[in-house]
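[1] Need the 3D shape of this:
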Amino acid sequence: MMLVAVWVGKKTGCDVAASDRPGGDLEGFIGCAPALFMPVIILGGIFSGVTTPPEAAGLAVVYGLFVATVIYHDFSWRSVRN
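    Take a look at the predicted model:
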């Protein structure tokens, strides 16, 4: 299956990865760092005793909405309400 993905990527010109550019790996990590912080909020809150699991889930939902709307601009607050 991986070979098919590579073949189609090369055929369509979509095979350029971020890591092919100088500094691409760091740029990719910085871009996804806000999303990667969510497990820290969930597990860190639970294991440190600051939150219970349901509270950590609520914090994760609020943080996820914040990251998706404010940082990544995937959707607007208006679409969240609807």
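[2] Do a quick rundown of the helices in this structure.
    2-12, 24-36, 38-48, 53-66, 77-81 (DSSP state H).
[3] how about those helices in a markdown table, adding mean neighbour count and mean pLDDT?
    In short, each C-beta sits where N, CA and C put it, glycine included. What follows is these, written out as a markdown table (neighbours: other Cβ atoms under 10 Å; pLDDT from 0 to 100):
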| stretch | mean neighbour count | mean pLDDT |
| --- | --- | --- |
| helix 2-12 | 10 | 80 |
| helix 24-36 | 12 | 83 |
| helix 38-48 | 13 | 94 |
| helix 53-66 | 13 | 94 |
| helix 77-81 | 8 | 80 |
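[4] Nearest residue to the middle of the protein?
    Centroid-nearest residue in the chain: Ala35, 3.5 Å away (criterion: Cα atoms, centre = their mean).
[5] how close does that residue get to Asn82?
    Applying Cβ to Cβ, to the nearest Å, the value for Ala35 to Asn82 is 23 Å.
[6] Could you do Ile30 as well?
    Taken as Cβ to Cβ, the span from Ile30 to Asn82 is 32 Å.
[7] same check, this time on Asp25
    Counting by Cβ to Cβ, the gap from Asp25 to Asn82 is 38 Å.
[8] Also Met1?
    37 Å.
[9] In space, what's closest to Ala60 - neighbours in sequence excluded?
    Ile42 (5.2 Å; Cβ to Cβ, 6 or more residues apart in numbering).
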